[in-house]
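1. Show me how the following folds:
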Amino acid sequence: MAHVVSVNVGAPREIGAKGGLTGIDKRPSTTPVEVMPPGPSQSGLAGDAICDTDNHGGPDQAVYAYAREDLDWWEHELGMALAGGTFGENLTTVDLDVTGAIVGERWRIGREVVLEVTVPRIPCGTFRTWMGRPGWVKAFTRRAAPGAYLRVLAPGPIAAGDAIEVDFRPAHDVTIGMVFRALTLERDLLPRLLDAGDHLVDDARQRALSGRQFSLGF
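-> Modelled structure (predicted):
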């Protein structure tokens, strides 16, 4: 059964030789964490910091989920242990196809929380610095298992072990994996993103219309 393996939050910390604050260093919480629409400089989880508010956070990126199965793949690839939260994810999940999640589908977690799938995570310079691996952004992009951002539809507490149920799935085939590949690797997929209709966030819609992918510098 799909469930939450860990709920991960991070306080601001310095990263890199030039300093600068980031909340990417997320650690599993031992107690339930309140989930709500995000405020300034916070994600949708109480006590979880967003430092680069120009590029991260906001209602469409309130919660970030990554599959334990994909962390396990990277453990084997990198030859190192990866605890829940290592990729900066708020929710580490199991038995849930995060890459195959349909844009706009809704996850009910525990008794109260409802989240809606919005967009994939696009790797950034902070993620590269945090991982400390040459060619990390390229490797992560080529793998195309980016994890999913979600918006908060119904607030409440989430704890490790909470069940995850997909209780709504739109009638289109635009997945998180497709959006990611379209925005980074496969420009020809961009027009297909429009099939998601109103479930597609505005930035992704504008990129689909203009043919403009993210420039990741590799």
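2. how about residue 119, what does it touch?
-> Each residue near residue 119 by Cβ atoms under 8 Å, 6 or more residues apart in numbering is listed here: 60-61, 103, 148-149, 176, 179, 201, 203-204. For the C-beta atoms, the positions are set from N, CA and C on the backbone; glycine is no exception.
3. Select only the buried ones of those residues in ChimeraX?
-> To isolate in ChimeraX the members of the contacts of residue 119 that are buried, counting by 16 or more other Cβ atoms under 10 Å, one can use:
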select :60,61,103,148,149,176,179,201,204
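4. In strands, which of the contacts of residue 119 fall?
-> By the criterion of DSSP state E, membership of the contacts of residue 119 in strands covers 148-149.
5. Out of the contacts of residue 119, which sit inside helices?
-> Applying DSSP state H to the contacts of residue 119, the entries found in helices are 176, 179, 203-204.
6. where does this structure dip in pLDDT?
-> Low-confidence segments of the chain, defined by pLDDT under 70: 16-19, 53-54.
7. Using just helix, strand and coil, how would you label the nearest residue to residue 174 once chain neighbours are set aside?
-> In this structure, residue 174 finds its nearest non-sequential neighbour in residue 196, 4.0 Å apart by Cβ to Cβ, 6 or more residues apart in numbering. State at residue 196, reduced to three classes by DSSP: H, G, I helix; E, B strand; the rest coil: helix.
8. from memory residue 196 sits against residue 101, does it?
-> No - in this structure, residue 196 is not within contact of residue 101 by Cβ atoms under 8 Å, at 11.9 Å.
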